[in-house]
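Peer 1: Structure of the sequence below:
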Amino acid sequence: MTSAAIRSPVFGAAEATPDTPRTGPATDRIVALDFVRGAALFGILLMNITGFGLPHAYGNPTNAGGAEGLNLLSWVIIQIGFEGTQRGLFSMLFGAGIILFTCRLEAKGRTDVADIYARRNLWLIAFGMINGFFLLWSGDILYFYGLTALLVFPFRKLSAKWLIIIGVAGLMANALWNAKDTSDLMRNHAAYEASQTDGAKLTADQEAWAGEWASALEEYSPSPAAQKDYVEKRTASYWSAFAQVAQETAHAESWYFYRWFFDVFSMMLIGMALYKMGVFTLARSLRFYLALIVCGYGVGLTVNLFETRWVIDNGFSLLAMSQSQVTYDLGRIATTAGHLGLLLLIARSGIFPWFQHALACVGRMAFTNYLTHSLVCAIFFVGLGYFGQLERHQLYYVVFAIWAAQLVISPLWLRHFQMGPLEWLWRGLTYAEFPQFRRGAAVAG
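Peer 2: Presented below is the predicted three-dimensional model:
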């Protein structure tokens, strides 16, 4: 991508923030990273909207929102093309950001890099808890990123090769965990089926396994009465919704952190490696990015297609959904690679400069825009009572409206301000010194 294609007043000037070095990567490379981050942020909303707007329908479309026609098509598109990939992109970008952030501080001769880094991520954990509890989004990712980032810090000096080796090992551990969960569920299902046979005599273990299957099935496919009660509690009042979501958030920010640790940890390490290899900075060859697209989509979309077909052919059953998880990481990681190659190839080409600029602005304000998603959806689905009222495909009208608004607002905001409002707050809390906010003012040396 040529500098002329993407350089603008917003990106041409240095930010007046404590962590901006005197020198750094070329402007176009910084914008390329922001462009991918903006795309990933929009993709995150594409995935999260089901959780924002429908009860227990993210994995099982038969629970709410419809599973036929446009609703089924919407689910299929998401499952094949996007499931797990946006989280993967965002995690890799976060890992790349760790390298960029710490290298900038070290280049300025700071001796308190570890302290600044720790404060930055402790505040991120706090913002994640606010998002999870008070903005009513139990699917928050900030808490996971802040906590995982503290554990990733000691790995930042490793070579790209070792970062990839450790990252792949972590992903393999996650895949084995998925396989074990599927094996346990199949065992529980067999015990449950045996318990339904007249005169069956089960061991104590088999009875326990049958009970576990019944509990899992109830959670996967709640009764209509349970669904109605869930929707009523979510829309009755803010405090009713808070009490409901607080339980889910507490569970997510404890057990889920352990369960999905290798997912986030590994993708962060791989993102760090890709940054060191020059992938995110457009330093690789055209052939490299084309290979990411061809190999990534060739493997990923094929695996995802078979998984989705298997689930549909088996009536969206819990057993079929669990069995599809065995190859889940292979499909979603390969597809993530395809998305990354495509986005970076677009950035490299310089086509649609106005769109790239707008999306890069969204990416520069990713923290503000991400929390805005939660705020807007809390107002719309909880405050205005639309939770559980829309069909699945109608949820994406909300997504497209938010995308359009942020594509317009983000560039306009950055014409007048150095950064997003929450980026400004986060940096000020990190350094105990708030940076210059408005553009045009004198930059402190």
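Peer 1: How many residues are close by residue 367?
Peer 2: A count of neighbours around residue 367, defined by other CB atoms under 10 Å, yields 21. For glycine as for every other residue, the C-beta is placed from the backbone atoms N, C-alpha and C.
Peer 1: I'd like to know which elements the one helix or strand it maps to is packed against.
Peer 2: For residue 367, the host element (DSSP states H and E) is helix 366-377. Under the contact definition 3 or more CB pairs under 8 Å, 6 or more residues apart in numbering; DSSP states H and E, helix 366-377 sits against helix 27-53, helix 392-416, helix 421-431.
Peer 1: Which residues does it contact?
Peer 2: With contacts defined as CB atoms under 8 Å, 6 or more residues apart in numbering, helix 366-377 is touched by 37-38, 41, 44-45, 48-49, 52-53, 127, 131, 135-137, 140, 142, 362, 398, 402, 406, 410, 420-423, 426.
Peer 1: Strands of this structure, start to end?
Peer 2: Counting by DSSP state E, one finds no strands in the chain.
Peer 1: can you tell me which helix in it is longest?
Peer 2: Counting by DSSP state H, the longest helix found in the chain is helix 160-195.
Peer 1: Next one: residue 62 from residue 391, what distance?
Peer 2: The spacing between residue 62 and residue 391, counted by CB to CB, to the nearest Å, is 13 Å.
Peer 1: again with residue 77
Peer 2: From residue 77 across to residue 391, the span is 15 Å (CB to CB).
Peer 1: Return the helix or strand in the chain with minimum mean pLDDT.
Peer 2: Ranked by mean pLDDT, DSSP states H and E, the helix or strand of the chain with the weakest confidence is helix 9-12, at a mean of 29.
Peer 1: burial count for residue 430?
Peer 2: The number of residues packed near residue 430 is 21, by other CB under 10 Å.
Peer 1: Distance of it relative to residue 41?
Peer 2: According to CB to CB, residue 430 and residue 41 sit 21 Å apart.
Peer 1: need the contact list for the closest residue to residue 220 other than its chain neighbours.
Peer 2: Leaving aside its sequence neighbours, residue 220 sits nearest to residue 318 (CB to CB, 6 or more residues apart in numbering; 4.5 Å). Residues near residue 318 by CB under 8 Å, 6+ apart: 60, 185, 216, 217, 220, 221.
Peer 1: which of the residues you listed lies closest to residue 297?
Peer 2: The nearest member of those to residue 297, counting by CB to CB, is residue 60 at 26.6 Å.
Peer 1: how close does the closest residue to residue 325 other than its chain neighbours sit to residue 323?
Peer 2: Nearest non-adjacent residue to residue 325, counting by CB to CB, 6+ apart: residue 178, 4.6 Å away. Going from residue 178 to residue 323 by CB to CB gives 10 Å.
Peer 1: most tightly surrounded among the helices and strands packed on helix 366-377?
Peer 2: Greatest average neighbour count among these goes to helix 27-53 (a mean of 23), per mean count of other CB atoms under 10 Å.
Peer 1: by how many degrees do that one and helix 366-377 diverge?
Peer 2: Going by axes from the mean of the first three to the mean of the last three CA atoms, to 10 degrees, helix 27-53 is angled at 20 degrees with respect to helix 366-377.
Peer 1: Could you pull up the residues touching residue 207?
Peer 2: By CB under 8 Å, 6+ apart, the neighbours of residue 207 are 191, 195.
Peer 1: right, I mislabeled it, should have said residue 308
Peer 2: By CB under 8 Å, 6+ apart, residue 308 lies in contact with 76, 79, 80, 324.
Peer 1: separation between the closest residue to the first one other than its chain neighbours and residue 73?
Peer 2: Just to be clear, that refers to residue 76. Closest residue in space to residue 76, ignoring its immediate chain neighbours: residue 308 at 5.9 Å, by CB to CB, 6+ apart. Residue 308 is 11 Å from residue 73, where distance means CB to CB.
Peer 1: Ok, residue 428 next?
Peer 2: Going from residue 428 to residue 73 by CB to CB gives 45 Å.
Peer 1: Flag the shaky bits of this structure, pLDDT-wise.
Peer 2: Residues of the chain meeting the criterion pLDDT under 70: 1-30, 441-445.
Peer 1: hmm, back to that, show me what the longest helix of the chain is packed against.
Peer 2: helix 204-220, helix 261-276, helix 318-323, helix 328-349.
Peer 1: from the chain's centre, how far out does the first one sit?
Peer 2: Read it as helix 204-220. 31 Å (CA atoms, centre = their mean, to the nearest Å).
Peer 1: For that helix, could you pull out the residues that count as buried?
Peer 2: Residues of helix 204-220 classed as buried by neighbour count (16 or more other CB atoms under 10 Å): 206, 209, 210, 212, 213, 216, 217, 220.
Peer 1: if we take those residues, which one ends up nearest to residue 194?
Peer 2: Distance ranking of the buried residues of helix 204-220 against residue 194, using CB to CB, places residue 206 first at 6.6 Å.
Peer 1: wait, the closest one sits on residue 193?
Peer 2: No: if you go by CB atoms under 8 Å, residue 206 and residue 193 don't touch, sitting 10.6 Å apart.
Peer 1: picking up where we left off before, and the helices and strands packed on helix 366-377 as TSV, adding distance to residue 301?
Peer 2: Shown next, in TSV, are the helices and strands packed on helix 366-377 (distance: least, CB to CB, whole Å):
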stretch	distance to residue 301
helix 27-53	16
helix 392-416	20
helix 421-431	35
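Peer 1: Which of the ones you listed sits closest to residue 285?
Peer 2: Of all these, helix 27-53 sits nearest to residue 285, with 15.1 Å by CB to CB.
Peer 1: related to what we said a few turns ago, what separation is there between the residue nearest to residue 325 and residue 332?
Peer 2: Remark: distance between residue 178 and residue 332 (CB to CB) = 11 Å.
Peer 1: Comparing these two, which residue is more hemmed in?
Peer 2: More crowded of residue 178 and residue 332, by other CB under 10 Å: residue 332, with 23 against 18.
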